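S.K.: need a structure here:
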Amino acid sequence: MASRPPLPKPNGFQRALADFQNRLKPAERQQFKVTTLDELKVTILAIQSQQRSRKKMMHMGRLVPFLEAMEQFGKVIEVFLNVSEVLAFVWGPMKLLLLTAINWTESFDTLLDAYQRIAENFPIFEGYQSTFSQNDKMQSVMEHAWSNILEFHIKALRIFEQSMLKQFFRSLWKDFKTRFQSILDDLKRQKELVESHANRYHIHNYEKDRLKMLAGFKEASVKRSAERKAFVSQWIAAPQAIIDHEHICETLRESSEATQRPMGQWILNHEDVKSWLDKTVPKSSTIWVTAIAGAGKTVLASVIIDHLKQRDTEPVGFFYCKHGDPKKRTLLSFLKATLSQLVAQQDQLVPYYYDEAIKSGEITLQSVKHCKTLLLHMLQNIPKAYLIVDGLDECDDNERKAILSFLQETLSICDSLNPAKLRALILSRDERDIKKALAMATMIRFGQQDTLQDMKVYVECKASAIQDIFRFSDADREYIEQYVLDKSDGMFLFAKLVLSNLEGQPNLKCFHKEFHSLPQGLGQAYDRNLHRIRNNPNHNQRAMAQKILSLVLCSRRPLKSRELQAAISIDPQEQTVDSTLRLSMDMRDICGSLIEIIPGGAVELVHATASTYIQELGYIPRWMAELSMTYICLNYLSYECFGETSKPAILRYIHEGYFAFQDYAIAHWTDHVPALLESLKGVTLDGQSHKDDIISAFTLFAAQYDAELASTDKSREMLDAEVLRQLDHSQHVVSLWEHSTNYKALTDDRKDKVSIGKLGKALEINRPLLEATPTTSTNAIMDTHSLENFYGSNWFKCSRLSCYYFHEGFASHRDRQGHYDRHDRPFSCDDDDCPSSKIGFGSLKEFEKHRRNMHPGKGKLTQTFKRLKQLGRPGVEVAKNTCPECSFKFDSRLQFRLHLVWHNAQKTQVARKPGLIPRPSS
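M.R.: Purely as a prediction, here's the structure:
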């Protein structure tokens, strides 16, 4: 049998066309391949007629040179492609672009202008056939020209396909301008090669330069995109919902691997959820999943989120509300979390959100109104998206009302555009206000029978661990499993608390005692765990568990495990930070199942109900928790290390971990002082020790900072008389209370500064010394590892107290400096070619003045028509005055001279402020 001859290798024209077709959507391919030039011309005439009838005529003659250039080019390349319909993939995209752009004057004008500029730079191949016959390398020039035309169209299509084009266009086109200019420059070079009858040597050099240029552009583009994406993420500063999700998924994986059965899959097979996940329109865009506390709603949320993420066909935004974390229980937190996730999944829209960040004047996104607008634009633009909110009942009433109101308004807007383009899933307990707001949603109320199989998987996993500890038989293990299942009544949290309590029993006798008197309900389950901690025969572990739970219970933000270790190391009696007090065992082994450490190191209570039960059961009253934290903060901040100025002494303190708790203590002691005194209302301080602890801590702190406390204004509020009486009418208590309440009432920039000047000075001294610690030598690497146990890895922290990065920090000086620039000069010009895009302005007034003087009429229709009129007259030089510094061009001499004055002022300003780090370049 004769072998088939090998297929001919595709030439450059075919490769470029194949690549272009692969980047098209299937519907676009089908539409474009049958489009003809005549159809395009009919479309252009129809657009022109429509504009004439509306008295909105534009200079569409700018399209003629491009059409003529493509016609003559098509006659040449059809010889090489051996097909006659190749230009359909120019006419088709062009027709679609024109029909899309016509809806908005600015985008239409920009598109016409782009085609005119391409035509001006496009090589004229017709008439140079003799050159092609004498120099076969000239064919490659034609191939590159063809590739450029296709590249322009694929990029333009992806910009103009946005349904919210009016909102996104300027940013997306501005981002494309650099690539567009490189296309024009390449076409211009090709034109020169053709017209000069370039030889093989010149074309060879051109191709080398072109490859180098394309590689450089790609590298720069990838770098710029990554920088801008990171900048936007930092600006949004969203709570880390992804970390919460990954933590839950990891727990599910561990259970599934131990039992070889997945958990939570039943929810995906529920008819209402299947319909909601399907492509068809469900009966409602919103599903409300409700059940009792601890039933496993969060697990189901994670299962659905994971399913959508793995399917990866539509963007998904999600949020886990947490009552114990102030950053995870508000409307703004929800908006920022979902916006951040959706931006991360929509790379093509990053330029718009980057521009919004630059223009906002905010170091981090704090405006609820602005955040709503940005998220709404995203959700309106995406063809289809999912939003999932878990634990809505954990938000305060006003916040969950605001979240529900936003969701309802947004769903209504999106449904009006395309039914069910946005779908929401809300999981919560059956609270009256939530039920009323979601009356039109599809409700799924699940109970014990729905989660029975999942409960079995979880209980089997934990029972196997208990079997290994106490060496039970398989029959005993199965009995334990069934007994716990019967008692759980469908509550995962109950099973977790009970099984963790059983697992933690010291011997078989204690196990049998606990097992044969299992608790009834969630309250008793918590009580058993607390009882085990309270009756731990190891006094030190018992006291340590109470201390850890107290600190976690009342902390104003989730403490990282290293911060808890630092707090535990504080010895108020000896006035030291003693590293030998650091825990050598996992704090989860001390506190049992009541706490968990999530990825990132934050320590949290196991469930929102834990805080309530710990206090209601009397294990740790609120006032005792506040006393524990206040006592530590005030004593710690009175240490000599905060008044030290000697560099060697401070370095010694740094290496001994003395400053590991300063970020929290300095930022929040003013929260805990009034909280403690408020919690003491109605409380009788039994015994002298508690009163002595309070008075001694207040006295020591007041003595250390007496001069600054003495200058505090009298508070308008009155301290509770009975509380003051119990504390012996201590003037130091009054002094700290007045200072704290006055500071908390501030609403201006003073709230960004440490309220006690000496403490602020201590930060200014010790932080730079930590930052300057060498990290390159072998000894330095070991030293760095030791310091990271105390201070984490982000040592470069913001000095503004209210800023998230005051405690979170940055990995490098450069990152922090860029952050500082945003604080100091938050308003930046959104024109990438303008020097002020890198320097910024300190106020909105300065920024608006710059816009008026340097970019007059930008975006105004009058300027558009003025430019169109001039473009219609060949040979007219639009801008006669070109700046020698930045190549900006100005129509008037006055604008030009004002611009030069501005340059001189900027040079002086930069000279006075060294160290400015420019933002990502375009």
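
S.K.: who's in contact with the residue nearest the centre of the chain?
M.R.: Residue closest to the average C-alpha location in the chain (C-alpha atoms, centre = their mean): residue 340, at 3.6 Å. For residue 340, the contact set (C-beta atoms under 8 Å, 6 or more residues apart in numbering) comprises 233, 236, 238. Where you see a C-beta, it was placed from the backbone N, CA and C, and this is true even at glycine.

S.K.: helices or strands next to the helix or strand hosting residue 214 in the packing?
M.R.: Assigned by DSSP states H and E, residue 214 belongs to helix 200-236. With contacts taken as 3 or more C-beta pairs under 8 Å, 6 or more residues apart in numbering; DSSP states H and E, helix 200-236 sits against helix 138-160, helix 165-195, helix 331-345, helix 350-360.

S.K.: tell me how far the longest one is from the chain's mean position?
M.R.: Going by C-alpha atoms, centre = their mean, to the nearest Å, the spacing between the C-alpha centre of helix 165-195 and its chain's C-alpha centre is 31 Å.

S.K.: residue ranges of the strands in this protein, please?
M.R.: In order along the chain, the chain carries the following strands (DSSP state E): 286-290, 316-320, 385-390, 422-428, 442-445, 570-571, 576-577, 595-597, 603-605, 881-882, 889-890.

S.K.: Quick one: closest of those to residue 36.
M.R.: Proximity to residue 36, assessed across those by C-beta to C-beta, is greatest for strand 385-390 (37.0 Å).

S.K.: and the angle for that closest one with helix 331-345?
M.R.: Strand 385-390 runs at 140 degrees relative to helix 331-345, counting by axes from the mean of the first three to the mean of the last three C-alpha atoms, to 10 degrees.

S.K.: Please work out which residues outside strand 385-390 touch it.
M.R.: Residues from elsewhere that reach strand 385-390 (C-beta under 8 Å, 6+ apart): 297-298, 301, 304-305, 308, 314-321, 334, 338, 342, 379, 403, 407, 421-428.

S.K.: Can you point out the buried residues in stretch 802-818?
M.R.: Residues of stretch 802-818 classed as buried by neighbour count (16 or more other C-beta atoms under 10 Å): 803, 804, 805, 806, 807, 809, 810, 815, 816, 818.

S.K.: surely the fifth one meets residue 663?
M.R.: Yes - with contact defined as C-beta atoms under 8 Å, residue 807 reaches residue 663; the gap is 4.2 Å.

S.K.: how about residue 505, phi and psi?
M.R.: Phi and psi for residue 505, reported as degrees, to the nearest 10, are phi -70, psi 140.

S.K.: Show the contacting residues for it.
M.R.: By C-beta under 8 Å, 6+ apart, the residues touching residue 505 are 511, 514, 532.

S.K.: Can you add pLDDT and neighbour count and give those residues back as a markdown table?
M.R.: Formatted as a markdown table, those follow (pLDDT from 0 to 100; neighbours: other C-beta atoms under 10 Å):
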| residue | pLDDT | neighbour count |
| --- | --- | --- |
| 511 | 90 | 20 |
| 514 | 87 | 18 |
| 532 | 86 | 20 |
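
S.K.: from those, which is closest to residue 158?
M.R.: Relative to residue 158, the closest of the contacts of residue 505 is residue 532; by C-beta to C-beta it sits at 60.1 Å.

S.K.: Please report the distance of that closest one from residue 590.
M.R.: 11 Å (C-beta to C-beta, to the nearest Å).

S.K.: What of residue 294?
M.R.: Counting by C-beta to C-beta, the gap from residue 294 to residue 590 is 23 Å.

S.K.: Lowest-scoring secondary structure element of the chain by mean pLDDT?
M.R.: Across the helices and strands of the chain, mean confidence by mean pLDDT, DSSP states H and E is lowest for helix 861-871: a mean of 41.

S.K.: so how far is residue 579 from residue 792?
M.R.: 16 Å.

S.K.: For the nearest residue to residue 764 once chain neighbours are set aside, give me the pLDDT.
M.R.: Spatial nearest neighbour of residue 764, chain neighbours left out: residue 799 (7.5 Å); criterion: C-beta to C-beta, 6 or more residues apart in numbering. If you check residue 799, the pLDDT there is 90.

S.K.: who's in contact with the nearest residue to residue 637 once chain neighbours are set aside?
M.R.: Spatial nearest neighbour of residue 637, chain neighbours left out: residue 665 (5.5 Å); criterion: C-beta to C-beta, 6+ apart. Residue 665 is in contact with 632, 633, 636, 637, counting by C-beta under 8 Å, 6+ apart.

S.K.: and if we set it to 7 Å?
M.R.: Contacts of residue 665 were listed using C-beta atoms under 7 Å, 6 or more residues apart in numbering, and they are 633, 636, 637.

S.K.: So which of the residues you listed are in helices?
M.R.: 633, 636, 637 (DSSP state H).

S.K.: list the contacts for the last one?
M.R.: In other words, residue 637. Contacts of residue 637 by C-beta under 7 Å, 6+ apart are 665, 666, 669, 701, 759.

S.K.: Skipping adjacent residues, who's closest to the second one in space?
M.R.: Excluding the flanking residues, the one nearest residue 666 by C-beta to C-beta, 6+ apart is residue 759, at 5.4 Å.
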